[in-house]
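need the 3D shape of this:
(2 chains)
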Amino acid sequence: MALSRGALYGIILIVVILVIAAAYFLMLPPAPTPTAPTTPTTTPTVTTPVVEYKRTIVIGTDLDNQALDVQQASWTTLANWYAFSSLVAFDQNRNVVVDLAESYEIQEGGKVLIIKLPKDLKFPITNNPLNARTVNESVYRYIQLSPYSTDWIELNHTEIIDDYTIKFVFNNPPGPLWAVITSEYGAPVDVEYAKKVGDSEFNAHPIGAGPFIIKEWVKGSHTILVPNPNYKTNLPFVENKGPNPYLDQVIIRVIADDLTRVNEFLAGNIDILAAVPPQYVDRLKADPNTVLHEFAYGGYHFMIFNLEKPQFKDKNVRKAIYIALNRDDFVVVNDYTTEPQYSFISPGMLCYNFTVEEYARKNFGYNLEEAKRLLDEAGWKMAPDGVRKKEGVVLSFVLDVPNDNPRLRKIAPVIQEQLSKIGIKVELREYEQHYIREKVWRKDFEAALNVFAWLDPDGDMAYWLHSGRAANSTYINPEVDKLFDAGMGTFDLRERTKIYSRLQMILLDDLPVIPLQYPKQYVAVNKNVEGVKFVLHTSPYIYLNDVKVRKG
Amino acid sequence: MGILSYAAKRLSIGFFIVIFVSLILFIFMQLLPGDPITLLTAGERVSQQRIEELRRAWGLDQPIYIQFFFWLSHMLQGDFGTSFVFKLPVVRVVVPRIPATLQLTITALVISYIFGIILGTLSAVRRGMLSERVLTGVYTFLYSIPTYWLGAMLMLAFGFYLRVLPISGHGTLAHLILPASTLALPNIAIFARMMRTEVLETLYEEYVRTAMAKGLPRLVVLFRHVMRNALIPVTVLFFLELPWTIGGAVIVEAIFSWPGMGNLLYRSILMQDYPVVMFIIFLISIFTVISNVIGDILTAILDPRVTLKG
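Okay, here's the model as predicted:
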């Protein structure tokens, strides 16, 4: 009997469903075979369960390497940092401690820095010695190649005291240099090997003295690192000073899509999620297998004014804008992944002063009525259309918003709405963050949102606010320039904090920029990972020296 | 005209098309706001003076026509320049990514082709019936789904909740299934609709009606006479779709972290890495020209009614 068409389709559908179900069940791991309980014939002994560890740790991130040779890199990633350890480092309290170096000493008020190296340091693979000469050549190679060569601008000359001692002599104590030499940017490289193979080849196969060696980089996919057998550190906050005996390899997977990256972590395919997207923080917090670590960003978000525009020439207008912004709304709209920022150095940066932040919060906190009063006093009268005018000029401006910074992009319409309450009309225009920086340098802007993105206050802020270093700065205050120079001119972080505190008080009076918020950074760690340590630089450094990964 | 001489003539014209496309692309890249140097150093401790130095070192301070001429003259010698971002020769950056993209796009197209033919044929022979409307609805639905949403749903279903396939990555056949399916499913509609049209046209041809009148079984008529002719344009479409699918793979490669050319192209455009963008588009242009030539030649081979004319 021939089957009807409907029956045929029905049979095909059932077969397809059965095939899919069979494939699913076949791919499941086999269920453990139950064994019948046996009657014990001897007194049972308590045995400690044997913990098994994985020999590979997988770290997920969003950004691929730009260059493997840290001295040619415009930005660096974890892979760069694991391959290139520096001579000194910050500890968890932002004290400068030794890393590869045996000791360091500051002399002559910071004009001289002497670094002593251990006698047995060698680079991996080539086994070339890491001595004073190598460090010296590394520094000059950095000055020649790196886009950030001005990090060493105060270097007058170097002296090799002996094979393992190098002396740096500076024109002035280079305060901002700490942030550099405690990072991978300050790391020595195997210069002898670099000279032999050329910069291009060295960029493809670099050699540093970090805990790991870069074995493989598949662009857009992953980087594989293996332990450096010659690694030796003097970091005081790690127990294991040599190669990690529990790890055979580190795989850093690049997963640009936020959803994919988080799902890989939650599925257990990634052990450490280095770049947690802010919109998934709550989900990760709720996951019982996740330990979520939170850090302040080494920088913050701000609004900058073109002080040559008539509407911003009056300080009272700038102050009115400052106190009309309710930063708590920024936090809400960013799902509590940012914090309000009132002063000009955020908690994640060096030289942060809580007293200045509290002063700014108290005296420049949200106050709508005071903002209106300031504008009235400045002669900007409210017109019937709700926008203030003065001598026929409308109080409005174009605000350039970075479309590639989600947390700034979210607060832009909030700023627009908040300022409308005091009669200021804001038009939003979106550009890429780097282009906004260019526009500011060309003075082709009215107001703009942007980011200070380096943990040293001198590193980035000075290029916006120091009239001698910022290109075409519309803000010129010799006192501020002097304080920036003074802050740059000492190694002592306590002294620098005092200097930058005075600088911030002047900025609070002048308000060429308005701090808005600082983002929080998150690292998610699977609960099976033991022994991981963090030190906050601009981003958190994830130390694997003592890490073990339990098989889960 | 012979196949070889036709191919030679078309390819030589294609070369000039590729140069023209490169020029247009170069101009568009220059129109993007900003430049790669400020982008690479944005937000970091770099002075304007240093940026100017880097701009000069990379030749970005030269007029546009000089930059293009420089690129063109080196390209003709096989030197496609150095990536601004990776500081490596462009060829070294791009070429390792090609196999991954080809693997993904060809697999996706084969899936689309096979299922498109099946669904298109079924739609045609079931014309006017409920089953045809259901099938048309299915592949119209697949065509309408945003690629990102489809990829995310497949990843969540099969990768995260059911755990039967890897969520992302590259290296095994299992890694290929989800991204290839994401790329293939919307394309099924394209092949199915064309196949349906061709089958319907051929079904009403006189020779087909003659074959049926002669008493040949329906299935024999369908496979030996109808599909054989209907497959010609659909097969040609396979080659014409190939370059487009490479471009469409950008989103899929991003979702599944597939280390292909599409992902690299997207990131290079964002980073204004001109040399890499120029080289990838150059490759895609050549690929498009070659695919079109193959499509034309295949049409002439499969369909005796078609002759090649320069």
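
so who does the spatially closest residue to A:Ala73 that is not a sequence neighbour touch?
Of all residues not flanking A:Ala73 in the chain, A:Ala67 sits nearest, at 4.1 Å (Cβ to Cβ, 6 or more residues apart in numbering or on different chains). Any C-beta I mention is one placed from the backbone N, CA and C, and that applies to glycine too. By Cβ atoms under 8 Å, 6 or more residues apart in numbering or on different chains, A:Ala67 lies in contact with A:73-74, A:80, A:203, B:86-87.

for these, which one is nearest A:Arg373?
A:Ser74 (46.6 Å; Cβ to Cβ).

what's the burial count for that closest one?
22 (other Cβ atoms under 10 Å in any protein chain shown).

mind listing what's buried along stretch B:205-218?
B:208, B:211-212 (16 or more other Cβ atoms under 10 Å in any protein chain shown).

can you name the residues that contact residue 293?
Picked chain A for this. A:522-525, A:534, A:540.

sorry, I should have been clearer: chain B.
By Cβ under 8 Å, 6+ apart, the residues touching B:Val293 are B:6-7, B:10-11, B:14.

among those, which ones are buried?
Of those, these count as buried by 16+ other Cβ under 10 Å: B:6-7, B:10, B:14.

could you dump these into JSON lines and include secondary structure and distance to chain A?
As requested, these are exported to JSON lines (DSSP: H, G, I helix; E, B strand; the rest coil; distance: Cβ to the nearest Cβ, whole Å):
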{"residue": "B:Tyr6", "secondary structure": "helix", "distance to chain A": "38"}
{"residue": "B:Ala7", "secondary structure": "helix", "distance to chain A": "34"}
{"residue": "B:Arg10", "secondary structure": "helix", "distance to chain A": "33"}
{"residue": "B:Gly14", "secondary structure": "helix", "distance to chain A": "29"}
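
mean pLDDT per helix and strand in chain A: which one sits at the bottom?
helix A:5-27 (a mean of 59; mean pLDDT, DSSP states H and E).

packing partners of the helix or strand just after that helix?
Following helix A:5-27 in sequence order, the next helix or strand is strand A:53-54 (DSSP states H and E). Judged by 3 or more Cβ pairs under 8 Å, 6 or more residues apart in numbering or on different chains; DSSP states H and E, the packing partners of strand A:53-54 are strand A:548-550.

picking that back up, which single one of the contacts of A:Ala67 is nearest to A:Asn367?
A:Ser74 (41.7 Å).

now do the phi/psi pair for that closest one.
Main-chain torsions, A:Ser74, degrees, to the nearest 10: phi -90, psi -30.

same check, this time on A:Glu105
phi -140, psi 140.

can you report how many residues neighbour it?
By other Cβ under 10 Å, neighbour count at A:Glu105 equals 11.

chain neighbours aside, what residue packs nearest to A:Asn263?
B:Phe160 (4.9 Å).

how about the residues of the stretch 351-500 of chain A by chain B?
The interface of the stretch 351-500 of chain A toward chain B, taken as Cβ under 8 Å from any Cβ of the partner chain, is made up of A:404, A:431-435, A:437-438, A:441, A:450-454, A:456, A:458-460, A:463, A:469-471.

make it 6 Å
A:431, A:433-435, A:437-438, A:441, A:451, A:453-454, A:459-460, A:471 (Cβ under 6 Å from any Cβ of the partner chain).

what of the stretch 151-300 of chain A?
A:203, A:218, A:220-221, A:255-257, A:259-260, A:263-264, A:267.

kindly write the PyMOL command that selects the buried subset of these.
Selecting the buried subset of these in PyMOL, with 16+ other Cβ under 10 Å as the burial test, is done by:
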select buried, chain A and resi 203+218+220+221+255+256+257+259+260+263+264
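
that older thread, who wins for neighbours among the residues of the stretch 351-500 of chain A next to chain B?
A:Arg437 (30 neighbours).

report how many residues lie close to the residue nearest to A:Asn263.
18.

distance check, A:Pro174 against chain B.
Distance of A:Pro174 to chain B, computed by Cβ to the nearest Cβ, to the nearest Å: 12 Å.

next one: the residue nearest to that residue when sequence neighbours are not counted from chain B, what distance?
Spatial nearest neighbour of A:Pro174, excluding adjacent residues (Cβ to Cβ, 6+ apart): A:Glu154 at 4.0 Å. Distance from A:Glu154 to chain B, counting by Cβ to the nearest Cβ: 14 Å.

where does A:Glu154 fall, phi/psi-wise?
Torsion angles, degrees, to the nearest 10, at A:Glu154: phi -90, psi 0.

I figured it hits A:Phe170, correct?
Yes. Using Cβ atoms under 6 Å, A:Glu154 is in contact with A:Phe170, at 4.4 Å.

now do the helices in the stretch 1-150 of chain B.
B:3-31, B:36-41, B:48-57, B:64-76, B:90-94, B:98-125, B:130-144, B:147-154 (DSSP state H, counting those that start in this stretch).

least confident of those helices, on average?
Least confidently modelled of the helices of the stretch 1-150 of chain B is helix B:36-41, at a mean of 72 by mean pLDDT.

roughly how far is that helix from the heart of the chain?
30 Å (Cα atoms, centre = their mean, to the nearest Å).

what does stretch A:283-299 give?
For stretch A:283-299, the distance to the chain centre is 15 Å (Cα atoms, centre = their mean).

buried residues, that stretch. List them.
A:284, A:287, A:290, A:292, A:295-299.

also stretch B:102-120?
B:102-105, B:107-109, B:111-113, B:115-117, B:119-120.

identify all contacting residues around it.
B:135, B:139, B:176, B:179-180, B:183-184, B:187-188, B:191-192, B:195-196, B:238, B:245-246, B:249, B:260 (Cβ atoms under 6 Å, 6 or more residues apart in numbering or on different chains).

of all of the stretch 201-310 of chain B, which residue lies closest to chain A?
B:Pro259 (3.7 Å; Cβ to the nearest Cβ).

sec struct for that residue, please.
coil (DSSP: H, G, I helix; E, B strand; the rest coil).

ok, it - contacts?
A:218, A:220-221, B:100, B:170.

same thing with B:Gln62?
Taking Cβ under 6 Å, 6+ apart as the test, B:Gln62 contacts no residue whatsoever.

with the one 5 residues further on instead?
Contacts here follow Cβ under 6 Å, 6+ apart; on that basis B:Gln67 touches nothing.

ok, it to B:Phe16 distance?
20 Å (Cβ to Cβ, to the nearest Å).

what of A:Glu192?
49 Å.

who has more neighbours, these two?
Neighbour comparison, A:Glu192 and B:Phe16: the larger count goes to A:Glu192, with 15 against 9 (by other Cβ under 10 Å).

downstream of the helix or strand that contains that one, the next helix or strand is which one?
Using DSSP H and E, the element containing A:Glu192 is helix A:191-197. Once the chain leaves helix A:191-197, the next helix or strand it forms, by DSSP H and E, is helix A:199-204.

now the angle from the following helix or strand past that next one to helix B:98-125?
Downstream of helix A:199-204, the next assigned helix or strand under DSSP H and E is strand A:212-218. Angle of strand A:212-218 versus helix B:98-125, following axes from the mean of the first three to the mean of the last three Cα atoms, to 10 degrees, is 40 degrees.
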